[in-house]
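In: Build me a model from this:
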Amino acid sequence: MNLEAVAQRGLVLLGCGKMGSAMLAGWLDGGLPAASVWVQDPFPSDWLKATGVHINDGFPENPAVVLIAVKPQMMGEALPALAALPKEGTVFLSVAAGVSIAAYEAALGAGTCVVRAMPNTPAAVGKGVTAIVGNAKATPADMDLAEALLQAVGQVVRLSDENQMDAVTGVSGSGPAYVFYMIDTLAAAGVAQGLPAELAMQLAKATVAGAGALAETADETPEQLRINVTSPNGTTQAGLEVLMADKGLAPLMSATVKAATDRSKELGNG
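Out: Residues are numbered from 1 along each chain as shown. Have a look, this model is predicted:
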């Protein structure tokens, strides 16, 4: 991460809950000086107080980045405080779900550089994936800076259009919850077949984590990986015949992602 400009001019973090704390920890570990960070949070944690960053201590004169990590319902209170900040050369980077670029432009001014991001909860362990998209004022250098900051908590992908953000929400934003539920149901299925609950849960967690790691690092596609472990007329094929039936996992997952995407659109228009 190129921390020079950020360290010299300062970074403002508006909101330091789970996501904000995960990002701040990544930046500090990456070498960003604590003295160059100003955090605004009404309920600072003990961990935050021990980091050495500025807490509820105003703003630097001309910050390089203002990262908005408050909950969407708190946005009405948060944006007026930001409106007074200088806008020239400052990147306003938002990880707040459902708040459009247009909403920030309306509150901060049309000439403001805004980058909208959608991270997900595995960011808490540095394994997140974040989608970003900028407005017309966001230069390639601004996008590079936003990407570098967000890489502190995992992978970053760039969108070609803000309209894709709703589908991103449906897939990766909400996706961890789908996987957590799958772990629960896989463990419960093991218990139903005679396994002790604790053992079934250990097996389910490790299986999902291991399969995900293999899918991410292997040269083969997930489809090919599935074929590789499916012996003809074997146990895996027997299970997959249920999952891959006409009313199996594919149409259910499609409906799941569509429901989350549609809800994201509704919230954005609300």
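In: And the strands in this structure, which stretches?
Out: 11-14, 37-40, 54-55, 65-68, 91-94, 113-118, 128-134, 154-158 (DSSP state E).
In: Out of these, which is closest to Met253?
Out: Taking CB to CB as the criterion, Met253 comes closest to strand 128-134 out of the strands of the chain, the separation being 17.6 Å. Quick note: C-beta positions are derived from backbone N, CA and C, even for glycine.
In: Just the CA trace of the closest one, in PDB.
Out: What follows is the C-alpha trace of strand 128-134 in PDB, where atoms were taken according to Å, rounded to 0.1, in the frame of the first residue of the first chain:
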ATOM      1  CA  GLY A 128     -13.000 -10.500   2.400                       C
ATOM      2  CA  VAL A 129     -13.800  -9.500  -1.200                       C
ATOM      3  CA  THR A 130     -14.700  -5.900  -1.900                       C
ATOM      4  CA  ALA A 131     -16.300  -4.500  -5.100                       C
ATOM      5  CA  ILE A 132     -15.600  -0.800  -5.900                       C
ATOM      6  CA  VAL A 133     -16.900   1.700  -8.400                       C
ATOM      7  CA  GLY A 134     -16.100   5.400  -8.600                       C
END
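In: what helices or strands is that strand leaning on?
Out: Strand 128-134 sits against strand 113-118, helix 140-150, strand 154-158, helix 165-168, with contacts defined as 3 or more CB pairs under 8 Å, 6 or more residues apart in numbering; DSSP states H and E.
In: Go again with 6 Å.
Out: Helices and strands touching strand 128-134, by 3 or more CB pairs under 6 Å, 6 or more residues apart in numbering; DSSP states H and E, are strand 113-118, helix 140-150, strand 154-158.
In: Any stretches of the stretch 1-150 of the chain with poor pLDDT?
Out: For the stretch 1-150 of the chain, residues meeting the criterion pLDDT under 70 lie at 1-3.
In: gap between the closest residue in space to Ala260 that isn't next to it in sequence and Met253?
Out: Distance criterion CB to CB, 6 or more residues apart in numbering; nearest residue to Ala260, sequence neighbours excluded, is Gly170 at 3.8 Å. Gly170 sits at a distance of 10 Å from Met253 (criterion: CB to CB, to the nearest Å).
In: Good, wrapping up.
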